[in-house]
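S.K.: Coordinates only, no sequence provided:
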């Protein structure tokens, strides 16, 4: 089997940059020297490990993709763009029969799914590409469904730390709340303790200096009413490498589905986990 | 519904003492003032919260049970005795049609199950009565079965601390190793780090002084090969209260099964969890 051709859209964004570098450095893939970018980007080129990539602005994308489809054999598109672009991009990929991995969060998720379902291409849609975190969430969901009330009488504390620029509460932490509720611990998402102060992150949490600008640390603590039992689960991610790795796995998974003839199908990270 | 009569066997042992106290203090139960004890016990009486309980030595147990079955309506037996007594006691309960909850570890577990299966009574057999720990193990087992290789490339560390008198490695920690192996981390049970030194437990682990003589703390740490991702799961139990609570839940569960006409059936703590 030849190398898998991948187009990474969203350069010069951070996540697109990580994925482009990982794709470029991995023998299983061939990175296309083209990337769809947003209207706010004035640069026309971006370099990854010395490899030049042309940035295609929205006005030029249709002509560029038509040309690319003629010059290249099949390729997979990876989208790390902007919440405001999610639906438009998905429609674009579907219109041009470009199977894609959507790593961008936000937008209208229902419309996103409907767009793929009505199309002739399969897609992996995954707001969280960190496979191990998705697996951990699935574990807790399993417990919530199988052993409701298991932690009845326990108090819950959820703490999360992210880089200063992240304004909203972690979506991962919020998603976990409903599972812990089902496990018997009353808790609302506004009780999640957020840390955004780099000084405290460094001094109290022990987050390495180099990752103050990019990390996601989560801790879930359960304590029994008589205080004799304490459970603690934490997942601490520094930087963005793990999301890149998950994205590459999603690309490989999607490639298998394309080979198997999948059309109009949506896959999640749980599918990718089960398939690997 | 009247109170549920319970006979707690194994007094004056620690776990039997905890369960007898919890049963005695709980309005849903009626603690019988009799307890089967071992040949090495010379005392003839044991007091729980001011309540006197007669200790019945092995030679007297047959006559005593025959008398009890005449004087009392149906009751459930709880066994926290000694590994060497597990099979003999189970046979005794079965011979006398006494449904039981077996919290004692050790003995011939296959024979134990066969004994119940051939009898007219149901039993709950659970080497670990801490419901939340059993639930956590089931979560990790689920992940191992559903997402094999999820933590491929991660290194694993397992640390456990127990009171100085516990010579062997934690059975709970050992049982978890095979799940982590299936999740992709090579690890053998002899790599588990055991702590039995009270000075270190207090100074480094932060285990409260009052629980140095009775605790079970476990920590599982997974670190990605590039060190950017760290997962940590811990369950720290101080004292024995949580095992007592699980035992009471097992008694309630068994009572329901008896009412439903169960015979020769064996239930585990997973059944109790699902049923609650």
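M.R.: Happy to help now that I have it. Quantities reported herein were computed from a predicted structural model and do not represent experimental measurements. Residues are numbered from 1 along each chain as shown, chains lettered A, B, ... in the order given.

S.K.: residue contacts, the closest residue to residue A:48 other than its chain neighbours?
M.R.: Spatial nearest neighbour of residue A:48, excluding adjacent residues (CB to CB, 6 or more residues apart in numbering or on different chains): residue A:20 at 4.6 Å. Every residue, glycine included, has its C-beta placed from N, CA and C. Going by CB atoms under 8 Å, 6 or more residues apart in numbering or on different chains, residue A:20 touches A:8, A:11, A:31, A:35, A:48, A:53.

S.K.: Same question for residue A:73.
M.R.: Listed by CB under 8 Å, 6+ apart, the contact set of residue A:73 reads residue A:5.

S.K.: How about the one 4 residues further on?
M.R.: Applying CB under 8 Å, 6+ apart to residue A:77 gives the contacts A:6-9, A:93, A:98-101.

S.K.: which one of those has the most neighbours?
M.R.: With neighbours taken as other CB atoms under 10 Å in any protein chain shown, the top of the contacts of residue A:77 is residue A:8, carrying 34 neighbours.

S.K.: That residue and chain B: what is the separation?
M.R.: 20 Å (CB to the nearest CB, to the nearest Å).

S.K.: Just to be sure, that residue is in a helix?
M.R.: No - per DSSP: H, G, I helix; E, B strand; the rest coil, residue A:8 lies outside any helix segment and is strand.

S.K.: Quick check: bridge partners of it?
M.R.: Beta-bridge partners for residue A:8, by DSSP bridges, are residue A:78.

S.K.: what's the spacing between stretch A:67-86 and its chain's center?
M.R.: Mean-position distance between stretch A:67-86 and its chain equals 17 Å (CA atoms, centre = their mean, to the nearest Å).

S.K.: right, and residue A:252 touches residue A:4 too?
M.R.: Yes - between residue A:252 and residue A:4 a contact is recorded at 7.2 Å, counting by CB atoms under 8 Å.

S.K.: Which members of the contacts of residue A:20 occur in strands, if any?
M.R.: A:8, A:31, A:35, A:48, A:53 (DSSP state E).

S.K.: Name the member of these with the most neighbours.
M.R.: residue A:8 leads those on contacts (other CB under 10 Å) with 34 neighbours.

S.K.: which residues touch that residue?
M.R.: Going by CB under 8 Å, 6+ apart, the list of residues near residue A:8 reads A:16, A:19-20, A:23, A:31-32, A:35, A:53, A:77-78, A:80.

S.K.: Which pair of the residues you listed spans the longest distance?
M.R.: Farthest pair in these (CB to CB) is A:32 and A:80. Separation: 14.9 Å.

S.K.: So which of these two has more stuff around it?
M.R.: Here residue A:32 and residue A:80 are compared on neighbour count by other CB under 10 Å; more neighbours surround residue A:80, at 27 against 20.

S.K.: if I pick that one, what's in contact with it?
M.R.: By CB under 8 Å, 6+ apart, the contact list for residue A:80 reads A:8-10, A:13, A:15-16, A:19, A:103-104, A:247.

S.K.: Format the ones in strands among the contacts of residue A:20 as CSV; extra columns: distance to residue B:65.
M.R.: Conversion of the ones in strands among the contacts of residue A:20 to CSV gives the following (distance: CB to CB, whole Å):
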residue, distance to residue B:65
A:8, 75
A:31, 78
A:35, 80
A:48, 79
A:53, 82
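
S.K.: Closest to chain B out of these?
M.R.: residue A:48 (18.4 Å; CB to the nearest CB).

S.K.: Is it correct that that closest one is in contact with residue A:31?
M.R.: Yes - Residue A:48 lies in contact with residue A:31 (CB under 8 Å); the separation is 7.4 Å.

S.K.: ok, back up a step: mind listing the shared neighbours of residue A:252 and residue A:4?
M.R.: With CB under 8 Å, 6+ apart as the test, residue A:252 and residue A:4 both reach residue A:28.

S.K.: hang on, the earlier thing: joint contacts of residue A:48 and residue A:31?
M.R.: Common neighbours of residue A:48 and residue A:31 (CB under 8 Å, 6+ apart) are A:20, A:24.

S.K.: Just the buried residues of stretch A:263-276, please?
M.R.: A:265-267, A:269-274, A:276 (16 or more other CB atoms under 10 Å in any protein chain shown).

S.K.: now the helices for the stretch 1-150 of chain A?
M.R.: For the stretch 1-150 of chain A, the helices defined by DSSP state H, counting those that start in this stretch cover A:14-24, A:61-71, A:86-95, A:109-117, A:131-146.
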